[in-house]
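Trainee: Sequence first, then the predicted structure:
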Amino acid sequence: MKLFIHTIPESIMKAYVFPGQGAQFPGMGKDLYEKFPVAHDMFEKANALLGFRITDIMFSGTDEELRQTRVTQPAIFLHSVVVTAVAGSAFKPAMVAGHSLGEFSALVAAGALSFEEGLALVAGRASAMQKACGINPSTMAAVLGMDDAVVEEVCAALNETVVPANYNSPGQIVISGTMEGVSAATEELKKRGAKRIVPLSVSGGFHSPCMEPARKELEEAIRKARFNRPLCPVYQNVTGMPVTEPDMIMANLIAQLTSPVRWTQTVQKMVADGATEFIEAGPGNVLQGLIRKINPNVAASSIDVI
């Protein structure tokens, strides 16, 4: 008698991740707009809600036009939520997370926020951040090849405003703060053996106390928005932990602008909770690269709808 052993394949848990500012590129979303009616309708609705034709800039604008904060943030958000809408019933996340701005895309994709309210909050966020940048000049820099603990220690010891802002992957952390603070931290980190420090071409010191005026302004809008229980856990930037309670989602979102993006911790927690495959929904592939550095054993790819 022959014995047949039936092996059950390990279940796949898909984690969808959504990129933040910097993922934009000229022509983004044009293929979706032209090929899928649902995408066309969402883009046109966004044009009406924003009060200007963002699609003209996304599809045929210059790199410089696309880099304006008031355009960049809604453009990336739009691309991300449109691509999940196009995926339709194939979009079945076990969990979601977004990097900085991408958290708004994740919340809409998971049903915690409506498309209209998500877009309004993203547009308001961009405007508030732009204003905050004008109040107090600030900046950011990427620190490569240094332990997180050393970066934290150096920032804490300085009398200037500078903090760890993005824990992107092991050995890659972004610092943020006033011009003087980032400059002082850069000098000290070089002395402590940082492999490389790269000043970032950004309009301000995001995810730092420099964004307090923007946080206050955005808080008002966030509190007026209606948050629902998402269809799956949302791993939020502020804690790196899964959240499903609408009140907690709202509180974390309010804190986000002046708190660090704990991306390394988020991905590690998602893997610990069973994620076996990460799918990046939105423009570019930056998050896939970071995920592979955090955990080389998980699959990472872009959402495939075209």
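Mentor: Arrived safely.

Trainee: Can you list the strands that the helix or strand V143 falls within pairs with?
Mentor: Remark: V143 resides in strand 138-144, with elements defined by DSSP states H and E. The sheet places strand 138-144 alongside strand 172-178 (antiparallel), strand 196-199 (antiparallel), with pairing taken from DSSP bridges.

Trainee: If you count neighbours, what's buried in that strand?
Mentor: S138, T139, M140, A141, A142, V143 (16 or more other CB atoms under 10 Å). All C-beta atoms are positioned from the backbone trio N, CA, C, and that covers glycine.

Trainee: Check stretch 59-69 too.
Mentor: Buried residues in stretch 59-69 (16+ other CB under 10 Å): F59, G61, L66, R67, T69.

Trainee: Check whether the nearest residue to the second one once chain neighbours are set aside sits in a helix, strand or coil.
Mentor: Leaving out its chain neighbours, the residue that sits closest to G61 by CB to CB, 6 or more residues apart in numbering is P26, at 6.4 Å. Here P26 takes the coil state, with states given by DSSP: H, G, I helix; E, B strand; the rest coil.

Trainee: What is the burial count for the nearest residue to L253 once chain neighbours are set aside?
Mentor: Closest residue to L253 apart from its sequence neighbours, by CB to CB, 6+ apart: I222 at 5.6 Å. The tally of other residues near I222 (other CB atoms under 10 Å) stands at 20.

Trainee: Wait, a helix at I222?
Mentor: Yes - counting by three-state DSSP, I222 is part of a helix.

Trainee: Counting by contacts, list what the helix or strand of the chain with the lowest mean pLDDT packs against.
Mentor: Within the chain, no helix or strand scores below helix 63-66, which has a mean of 90 by mean pLDDT, DSSP states H and E. Helices and strands touching helix 63-66, by 3 or more CB pairs under 8 Å, 6 or more residues apart in numbering; DSSP states H and E, are helix 54-60, helix 69-87.

Trainee: Which strands or helices does the shortest one pack on?
Mentor: Under the contact criterion of 3+ CB pairs under 8 Å, 6+ apart, helix 54-60 touches helix 30-35, helix 37-50, helix 63-66, helix 69-87.

Trainee: out of those, deepest packed?
Mentor: Ranked by mean neighbour count under mean count of other CB atoms under 10 Å, those are led by helix 69-87, which reaches a mean of 24.

Trainee: after it, next one along is what?
Mentor: On the C-terminal side of helix 69-87, the nearest following helix or strand under DSSP H and E is strand 95-98.

Trainee: Please put the alpha-carbon coordinates of that following strand into CSV.
Mentor: The C-alpha coordinates for strand 95-98 follow below in CSV (Å, rounded to 0.1, in the frame of the first residue of the first chain):
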residue,chain,number,x,y,z
MET,A,95,-2.5,44.2,7.5
VAL,A,96,-1.5,47.7,6.2
ALA,A,97,1.0,50.4,7.0
GLY,A,98,2.1,53.7,5.3
